[in-house]
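# from the sequence below, what's the structure:
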Amino acid sequence: MEGFEESKGTGPFGRGLGAAPPHLINSGFTGGGAAVPARFEVARGGKCSYVAGYHMRIAQVITSLGHGGAERVVTDLCRAAVARGDAVLAVSLRPLPPPGADTLVGELRAAGVTVTALGVTKTAPWRIWRLRRTLAAWRPDVVHAHLFHAALAARLAAAPGRRPWKLFETVHIADRRRGLGGRFWLDRRTLWRCDALVAVSAAARDFQAARLGVPPDQIRVIPNGIRPPVRPDAGRIARWRAAWGLTDCARVLGAVGRLDPQKGFDRLLALLPDLARQVPAGERWGLVILGEGAERPRLEALARQAPADRLVVCLPGYRSDAAACIGAFDLFVMPSRYEGYGLTLAEAMAHGVPILASTADSLPELLAGYPGGRCLAGEAWTGAILAESAQLARGEPRLSHTVDDMCAAYAALYAAL
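Model (predicted):
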């Protein structure tokens, strides 16, 4: 690709990185006793130089590296870039998750990605300016920002005429929360600093275009991709259901996502008394929600309202194999209030599981043409609708967009600009 060739010591990749900012010490970024990835050479004074043979230097910037759809996409993009021979830096504005909750961080580092965190917190918001020093030191060719705070920080890190990199941003969500007028005002005022804006769905594109006051065709659409999930056998399904306390349940409804108001699990759990009345005599049904978040106490309180003789509710927390676990559900439910794409919905479709989803943003777009799927406004859900959907037969799996498709589309975009 023109503009991406190099010889050692010349061209865009043969430049020294300079001394690393303090927050990068011991992060695998530079010398001074820290572990240095093989793609870097350490010179005297702890400075790093980029080793020839890598096609591009890419910095992926995101608000945090916890568990979520955008975080999963960033991880997939980083791994694909390393596989192509690119050098990749993943930057989290917030501190990295604690040990045991940092599975994505471990995955990134195992793939050869350099990972760092700026340490931004509510009491130390000023640390967001560390991004300017981080990028100036690392000197990427591409900066790809995800989610509002990371995108704003990347825009302010340097003006277009004063930076050597191209700035790409991905809109992952149609954020319909109230009180975000100031955020969208900042978004509009700084949009000129962005070289390319991408949305993960047509719905997210249209929402963002309306908020920014730009024509929709100025925002590209690159759908999120998934890996074909492992289809569990009967033995594995039985073990999972036993671990969730659902062994004797005739039907299992399931959902996957952060325990957050956005996901609408509260209105799903509020339907449990009504659903219990629909369970056939002599049967017990189960509901499992895989995920973690601040809404757990409230959701657990709602779950306790379920009649125990008819319904068993389990909130086992986050699982790294949640995509495979969906194969143990008789019905996948997604009662979201707003969305950008819906990775877990795509994973459910890849299993051929019956689906009941809300009409939030991208969900009808993604579910269109799926025989076992139904979209209905969340406020119109009833126990009878849940019970009817739970008794549908499984259909043919459908894989909408793959990780490879997504990564190839972004790689082409990077190269084009």
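# please tell me how far residue 283 sits from residue 271.
According to Cβ to Cβ, to the nearest Å, residue 283 and residue 271 sit 18 Å apart. All C-beta atoms are positioned from the backbone trio N, CA, C, and that covers glycine.
# who's more crowded, the two?
A count of neighbours by other Cβ atoms under 10 Å puts residue 271 above the other of residue 283 and residue 271, at 21 against 11.
# quick one, what contacts that one?
381, 382, 383, 386 (Cβ atoms under 8 Å, 6 or more residues apart in numbering).
# cool, residue 150 as well?
With contact set as Cβ under 8 Å, 6+ apart, residue 150 has these partners: 61, 62, 63, 91, 93.
# helices - which of those residues land there?
Within the contacts of residue 150, no residue falls in helices by DSSP state H.
# domain map for the protein?
Here the domain assignment for the chain is 22-225+403-416, 234-390, based on automatic domain parsing.
# what about the strands in the stretch 1-150 of the chain?
Using DSSP state E, counting those that start in this stretch, the strands found in the stretch 1-150 of the chain span residues 40-42, 48-50, 57-62, 87-92, 114-117, 142-146.
# returning to what we had before: which one of the domains of the chain has the poorest average confidence?
Lowest mean pLDDT of those: domain 22-225+403-416, a mean of 84.
# which elements pack onto the helix ranked longest in the chain?
Selection of the longest helix in the chain by residue count, based on DSSP H, yields helix 69-84. Packing partners of helix 69-84 (3 or more Cβ pairs under 8 Å, 6 or more residues apart in numbering; DSSP states H and E): strand 57-62, strand 87-92, helix 103-110, strand 142-146, helix 343-351, helix 403-416.
# those into a markdown table, with extra columns for mean neighbour count and distance to residue 208?
Putting the helices and strands packed on helix 69-84 into a markdown table (neighbours: other Cβ atoms under 10 Å; distance: least, Cβ to Cβ, whole Å) gives the following:
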| stretch | mean neighbour count | distance to residue 208 |
| --- | --- | --- |
| strand 57-62 | 26 | 17 |
| strand 87-92 | 26 | 22 |
| helix 103-110 | 17 | 25 |
| strand 142-146 | 26 | 13 |
| helix 343-351 | 25 | 19 |
| helix 403-416 | 17 | 17 |
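# for residue 327, find the nearest of those.
helix 343-351 (4.6 Å; Cβ to Cβ).
# from the middle of its chain, how far away would the next helix or strand after the closest one be?
Towards the C-terminus, the helix or strand next in line after helix 343-351, according to DSSP states H and E, is strand 355-357. The chain centre lies 20 Å from the centre of strand 355-357; the measure is Cα atoms, centre = their mean, to the nearest Å.
# picking that back up, among the contacts of residue 271, which two are most distant?
Farthest pair in the contacts of residue 271 (Cβ to Cβ) is 381 and 383. Separation: 8.4 Å.
# so for these two, which sits in the more crowded spot?
For residue 381 against residue 383, the residue with the higher neighbour count under other Cβ under 10 Å is residue 381, and the figures read 22 against 16.
# which residues touch that one?
Residues in contact with residue 381, defined by Cβ under 8 Å, 6+ apart, are 267, 268, 271, 335, 356, 358.
# list buried members of the residues you listed by neighbour count.
When neighbours are counted using 16 or more other Cβ atoms under 10 Å, the contacts of residue 381 contain these buried positions: 267, 268, 271, 335, 356, 358.
# possible to save the domains of the chain as JSON lines with distance to residue 397?
Putting the domains of the chain into JSON lines (distance: least, Cβ to Cβ, whole Å) gives the following:
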{"stretch": "domain 22-225+403-416", "distance to residue 397": "15"}
{"stretch": "domain 234-390", "distance to residue 397": "4"}
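# which one of the ones you listed lies closest to residue 396?
Distances from residue 396 to each of the domains of the chain were compared using Cβ to Cβ; the minimum, 5.6 Å, belongs to domain 234-390.
# just the element for residue 185, please.
Element membership for residue 185, per DSSP H and E: helix 181-190.
# can you name the next helix or strand after that helix?
Past helix 181-190, heading to the C-terminal end, the next element that is a helix or strand (DSSP H and E) is strand 196-199.
# that next one: partners in the sheet, and parallel or antiparallel?
Partner strands and pairing direction for strand 196-199 (DSSP bridges) are strand 166-171 (parallel), strand 220-221 (parallel).
# buried set for the helix or strand just after that strand?
Sequence-wise, the next helix or strand downstream of strand 196-199 (DSSP H and E) is helix 202-212. Across helix 202-212, burial judged by 16+ other Cβ under 10 Å covers 203, 204, 205, 206, 207, 208, 209, 211, 212.
# pull the contacting residues for the closest residue to the fifth one other than its chain neighbours.
Read that as residue 207. In space, and not counting its chain neighbours, residue 207 is closest to residue 174: 3.8 Å by Cβ to Cβ, 6 or more residues apart in numbering. With contact set as Cβ under 8 Å, 6+ apart, residue 174 has these partners: 203, 204, 207, 208, 338, 339, 340, 361, 362.
# so which helix or strand takes in residue 174?
Taking DSSP H and E as the definition, residue 174 sits outside all helices and strands.
# over to it: give its phi and psi.
Here the main-chain torsion angles of residue 174 (degrees, to the nearest 10) amount to phi -90, psi 90.
# contacts only, for residue 399.
Residue 399 neighbours (Cβ under 8 Å, 6+ apart): 226, 228, 346, 349, 350.
# my guess is residue 316 meets residue 244, correct?
Yes - counting by Cβ atoms under 8 Å, residue 244 is a contact partner of residue 316 at 5.9 Å.
# overlap in contacts of those two?
Where contact means Cβ under 8 Å, 6+ apart, the residues bridging residue 316 and residue 244 through contact with each are residue 288.
# quickly note the distance from residue 268 to residue 310.
Residue 268 is 16 Å from residue 310, by Cβ to Cβ.
# C-alpha coordinates for the helix holding residue 185, PDB please?
Included here for helix 181-190 are C-alpha records, laid out as PDB according to Å, rounded to 0.1, in the frame of the first residue of the first chain:
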ATOM      1  CA  GLY A 181     -27.300  18.200  25.500                       C
ATOM      2  CA  GLY A 182     -23.900  19.600  26.500                       C
ATOM      3  CA  ARG A 183     -22.200  16.400  25.300                       C
ATOM      4  CA  PHE A 184     -23.700  16.700  21.900                       C
ATOM      5  CA  TRP A 185     -22.800  20.400  21.800                       C
ATOM      6  CA  LEU A 186     -19.200  19.500  22.400                       C
ATOM      7  CA  ASP A 187     -19.400  16.700  19.800                       C
ATOM      8  CA  ARG A 188     -20.700  19.200  17.200                       C
ATOM      9  CA  ARG A 189     -18.100  21.900  18.000                       C
ATOM     10  CA  THR A 190     -15.100  19.500  17.700                       C
END
